[in-house]
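*Asks:* Here's my sequence, what's the structure:
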Amino acid sequence: MWDIYDTLIEGIPNDLRVDDIISSIDKAYVRSGGGVGYGITVPFYTNTRIHIKNMETLKLKEVAKLIKSWNLKEAAIGHGAINAYYNNPEIAEKNGVNLSANRFTEDRLNDPFIAYQNQIAGKKVAVIGHFHYLEQLYQPICDLTIVESEVVEGDYPYAACEYLLPEQDYVVITSSSIVDKSLPRLLELSKNAYVIIVGPTTTLAPVLFEFGVNDLAGFVIKDTELAHQIGKGTDNSRIYRTGQKVSLKANSFCRT
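*Replies:* Sure, this is the predicted structure:
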């Protein structure tokens, strides 16, 4: 079950170091050189605690190993460290991600809930995570199922994945599933579907295609200073103001 995690960690070079870490109530920020990674903090904890106060002196790969922690606040820091490497603009471009020259790009074509509207018409689609405007965008055109850990009216609980996902044509998975450790099982259940991982913390690692992912619909941070201010809570801007939504598809990945 740890194959995905171990593979992502192993792909990080040994010589990279952590320059900055911010861990807040709802997010984690990790910077290494020109790469900034975010992780979503899941709001519940365990007692397997590792103190993070001197972590800036560690290698990035060592901090990335926290992704395997069952303290999910720590796991979010580990995910941020992983993303600080794979979502670094230089690395992302080498892996085939198309980036504009602008610091901030409002690229709606790389928003999967917009980009896939024609493709999913009439199909069975399950979305893990109750995203904003999901019903307005998808419900009128497809057979939509929404799975959510904190269910609202009309949602299915996570346990329903065991029964629902094998029947779907498309499965859209929130990127925070890597932190709560549900991603490996969700991918296994979705092996007959076209799978999209979505969200600003989506790890843009082509190796995920080997585990059944078809599209990594994520985000690349370009303005590291603004991202730092957002991470500290001194700027109320949305993270999307710091860079560009991107999409890296399995059939467009360029090996180097």
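*Asks:* Residue nearest the middle of the chain, spatially speaking?
*Replies:* Central residue of the chain (C-alpha atoms, centre = their mean): Thr202, 2.1 Å from the mean position.
*Asks:* Just give the closest residue to that residue, not the sequence neighbours.
*Replies:* When the adjacent residues along the chain are set aside, Thr202 lies closest to Gly218, with 3.1 Å between them (C-beta to C-beta, 6 or more residues apart in numbering). Every C-beta, even on glycine, is put in place using the N, C-alpha and C of the backbone.
*Asks:* Work out for me the element the one you found sits within.
*Replies:* strand 215-221 (DSSP states H and E).
*Asks:* Figure out how far that strand is from the centre of its chain.
*Replies:* 7 Å (C-alpha atoms, centre = their mean, to the nearest Å).
*Asks:* For the next helix or strand after it, give me every contacting residue.
*Replies:* Per DSSP H and E, the first helix or strand lying C-terminal to strand 215-221 is helix 224-232. Here helix 224-232 makes contact (C-beta atoms under 8 Å, 6 or more residues apart in numbering) with 20, 22, 24, 27-29, 31, 34, 36, 38, 221, 235-239, 241-243.
*Asks:* the strands in the stretch 101-250 of the chain, which residues?
*Replies:* For the stretch 101-250 of the chain, strands defined by DSSP state E, counting those that start in this stretch occupy the ranges 124-128, 143-147, 170-174, 194-198, 215-221, 243-249.
*Asks:* Pipe those strands into CSV and attach mean neighbour count per row.
*Replies:* Formatted as CSV, the strands of the stretch 101-250 of the chain follow (neighbours: other C-beta atoms under 10 Å):
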stretch, mean neighbour count
strand 124-128, 23
strand 143-147, 20
strand 170-174, 26
strand 194-198, 24
strand 215-221, 26
strand 243-249, 22
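*Asks:* before we move on, back to that, run a quick check on the residue nearest to Thr202 versus Ser175, I expect a contact.
*Replies:* Yes - look at Gly218 against Ser175 with C-beta atoms under 8 Å: they come within range, at 6.9 Å.
*Asks:* got any residues that touch both of those two?
*Replies:* In contact with both Gly218 and Ser175: 197-203, using C-beta under 8 Å, 6+ apart.
*Asks:* okay, now the nearest residue to Ile141 once chain neighbours are set aside: neighbour count?
*Replies:* Using C-beta to C-beta, 6+ apart and skipping the chain neighbours, the partner closest in space to Ile141 is Ala121 (4.9 Å). Residue neighbour count, defined by other C-beta atoms under 10 Å, stands at 12 for Ala121.
*Asks:* measure Ala121 to Asp180 for me?
*Replies:* According to C-beta to C-beta, to the nearest Å, Ala121 and Asp180 sit 31 Å apart.
*Asks:* Now name the helix or strand holding the closest residue to Lys68 other than its chain neighbours.
*Replies:* Nearest residue to Lys68 in three dimensions, chain neighbours excluded: Tyr5, at 5.4 Å (C-beta to C-beta, 6+ apart). Using DSSP H and E, Tyr5 sits in helix 3-10.
*Asks:* Pull up the pairing partners for the helix or strand following that helix, direction included.
*Replies:* With elements assigned by DSSP H and E, the helix or strand that comes after helix 3-10 is strand 20-23. Paired neighbours of strand 20-23 in the sheet (DSSP bridges): strand 27-32 (antiparallel).
*Asks:* Next, the angle from the helix or strand that the strand it pairs with is followed by to helix 224-232.
*Replies:* Once strand 27-32 ends, the next helix or strand along the chain (criterion: DSSP H and E) is strand 35-40. If you take axes from the mean of the first three to the mean of the last three C-alpha atoms, to 10 degrees, strand 35-40 sits at 20 degrees to helix 224-232.
*Asks:* Any stretches of this protein with poor pLDDT?
*Replies:* When residues are selected by pLDDT under 70, those of the chain lie in 42-56, 104-109, 252-256.
*Asks:* chain center to the helix ranked longest in it: distance?
*Replies:* Scanning the chain for the helix with the most residues, using DSSP state H, yields helix 72-86. The chain centroid and the centroid of helix 72-86 are separated by 10 Å under C-alpha atoms, centre = their mean.
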